[in-house]
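Undergrad: here are the coordinates; sequence isn't available:
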C-alpha cells in the first residue's frame, strides 16, 4: 500500500490535471438567442380568413388573433386570454389528416397532438392523440396530456384549406413551446393514423408570436448528453468499481487506477448533467424523474470524490466505517446511474441502436463482474481449505477482497 504522504502529494496535481482536461475538451453548446422581433407576425402576414362563415362559436367570434406562418403554407393563429389559449391551425387540404403536436423536447415520442380530418362521407373529425411510440399502434386516440377545456374542439374546411380549432386551459400562459406539425394523405382507419407524408418540429414563442426551427445544434446537444452519460456512468465508473473490488492484490496500482477511473467517470458525469441542464433551459423538457435522478447521482459522485480525498489510514479507528460508506454509496451510485440511462433512452425516444448498444455494454459489465465474483468466491474457498499453519507466498499469492 502506498503511504498516505505520497498519495497526498500526488493527489492535488492529479486533480488539477483532470480539471484542466475537462475545461479544454468539454464545450457547452448554446443556442442562439431568438428573442428578437424579426419573427413576430401579425394578422396582416397571413391570409385574410373570415372564420364566421365556417367555424362554430366561440371560434367564429374571436378577434385580434395573432397569426404566424409556421411551415410551408401552414398558419398558426392564437390568442391568450387569462388561463385560456385559443389555437387555430390552418393548412392546405385535399384528403387525409393534419395534426399539431405539443412536445416536451421536440421529439414525437411522448408528445400529445390534436389531429383533424374530413371523412370520406364528409364528416368532420378532430381528436387528441397520445404518441407513445413511433409505431402506428402506439398512437392512441383520446389520450394525451393537452389540458383541453370544456369548449369542444372544431375542424372545418374552407376552400382548399382545413382549420383545426381548440382551446387549452393552463395555469401559466404558454411561452416557448416545441411544436410538431405533420400531415398524412390517407384517411385514418378505425381511428388509427396512417404514416405521415411529411413533418417538422419548431419552437413557437407564444409570448412573442415568433417561430424558429428546432436547432440541429440542439439535437447534437441531446446526442452528446446521451453519449457522455453512457460512457461516464455506464462504462468508466463500473470499470473503476471492478478494479477496486477484484484487483486489490495489485497494491498500490489498483488504488491509482481506481482513483483515475472514478475521477474521469465523474468528469463525464458532470459534463452529462451540465448538458442536461442546458437542454432543460432551452427545450423546457419536463422530464422530472430523469432530471432528479441525474442530479442525485452527481451529488453521490461528488461525495465519493471527497471520500477518496479524505481516505483514512488503514490503522485508523474509522477506517471500517469509511470502507462501509464508500462501498455502499458507490453501489447505490451505479444502480441509480444505470436506471437513469435507461430512463433517458426512453424519454428521448431513442432508436434500437441506442437500446442495443447500451444493452450490449451493460451485459458485458454484468458478465465480467459475475465471472470475477465467482473466481473470488472459489479463491476464498481454497484459502479456507488450507491448513491453519499454511502460509501463502506474500509476494506472488493473489488474494481477493471480501468487499469494497
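TA: Here it is on my side, so go on. In this text, all values refer to a predicted model and were calculated from it rather than measured experimentally.
Undergrad: residues contacting residue 136?
TA: 192, 193, 194, 195 (CB atoms under 8 Å, 6 or more residues apart in numbering). The way it works is simple: take the backbone N, C-alpha and C, and place the C-beta from them, glycine included.
Undergrad: now swap in residue 115 and tell me
TA: Counting by CB under 8 Å, 6+ apart, residue 115 makes contact with 97, 98, 99, 126, 127, 128, 129, 164, 188, 193.
Undergrad: please name the spatially closest residue to the first one (chain neighbours excluded).
TA: So the one you mean is residue 97. Of all residues beyond its chain neighbours, the one nearest residue 97 is residue 117 (3.9 Å), with distances taken as CB to CB, 6 or more residues apart in numbering.
Undergrad: what pairs with the helix or strand hosting the one you found, parallel or antiparallel?
TA: Element membership of residue 117, judged by DSSP states H and E, is strand 111-118. Take DSSP bridges as the rule and strand 111-118 pairs in its sheet with strand 97-102 (antiparallel), strand 124-131 (antiparallel).
Undergrad: now distance to residue 219, mean neighbour count and mean pLDDT too, for these, in CSV please.
TA: As requested, those are exported to CSV (distance: least, CB to CB, whole Å; neighbours: other CB atoms under 10 Å; pLDDT from 0 to 100):
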stretch, distance to residue 219, mean neighbour count, mean pLDDT
strand 97-102, 17, 24, 91
strand 124-131, 18, 19, 89
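Undergrad: can you map out the strands along the stretch 51-200 of the chain?
TA: Remark: strands assigned in the stretch 51-200 of the chain by DSSP state E, counting those that start in this stretch are 66-71, 74-81, 84-92, 97-102, 111-118, 124-131, 139-141, 154-158, 161-169, 176-184, 198-205.
Undergrad: would you turn these into TSV with distance to residue 291?
TA: Listed next are the strands of the stretch 51-200 of the chain as TSV, based on distance: least, CB to CB, whole Å:
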stretch	distance to residue 291
strand 66-71	29
strand 74-81	27
strand 84-92	26
strand 97-102	19
strand 111-118	18
strand 124-131	21
strand 139-141	25
strand 154-158	36
strand 161-169	24
strand 176-184	17
strand 198-205	19
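Undergrad: out of the strands paired with strand 111-118, the one nearest residue 199 is which?
TA: For residue 199, the closest of the strands paired with strand 111-118 is strand 97-102, at 8.8 Å, according to CB to CB.
Undergrad: who's in contact with that closest one?
TA: By CB under 8 Å, 6+ apart, the residues outside strand 97-102 that reach it are 76, 87, 89, 91, 108, 111-117, 129, 131, 145-146, 162, 164, 177-184, 186-188, 193-194, 196.
Undergrad: now do stretch 184-195
TA: With CB under 8 Å, 6+ apart, stretch 184-195 has contacts from 95-97, 99, 115, 117, 119-120, 125, 127, 129, 136-137, 139, 141, 196-197.
Undergrad: make it 6 Å
TA: By CB atoms under 6 Å, 6 or more residues apart in numbering, the surrounding residues in contact with stretch 184-195 are 96, 97, 136, 139, 141, 196, 197.
Undergrad: nearest to residue 294 among these?
TA: Using CB to CB, residue 139 comes nearest to residue 294 of the contacts of stretch 184-195, at 29.0 Å.
Undergrad: tell me the mean pLDDT over stretch 333-350?
TA: Averaging pLDDT along stretch 333-350 yields 86.
Undergrad: what's in contact with that stretch?
TA: Stretch 333-350 is contacted by residues 107, 109, 229, 233, 234, 287, 290, 293, 294, 297, 300, 354 when judged by CB under 6 Å, 6+ apart.
Undergrad: give the contact list for the last one.
TA: Okay, so that is residue 354. Residues in contact with residue 354, defined by CB under 6 Å, 6+ apart, are residue 345.
Undergrad: quick check, pLDDT for it.
TA: Predicted confidence (pLDDT) for residue 354: 87.
Undergrad: what does the first one give?
TA: Per-residue confidence at residue 107 stands at 78 (pLDDT).
Undergrad: one more: the fifth one?
TA: Looking at residue 234, its pLDDT is 93.
Undergrad: any idea how far residue 149 lies from residue 112?
TA: Residue 149 is 15 Å from residue 112, where distance means CB to CB, to the nearest Å.
Undergrad: with neighbour numbers in mind, choose between these two.
TA: It is residue 112, of residue 149 and residue 112, that has more neighbours when counted by other CB atoms under 10 Å, with 20 against 15.
Undergrad: who does that one form a beta bridge with?
TA: Applying DSSP bridges, one finds that residue 112 bridges with residue 102, residue 130.
Undergrad: which element, helix or strand, includes the residue at minimal distance from the centre of the chain?
TA: Nearest residue to the geometric centre of the chain (CA atoms, centre = their mean): residue 344, 4.2 Å. Using DSSP H and E, residue 344 sits in helix 319-347.
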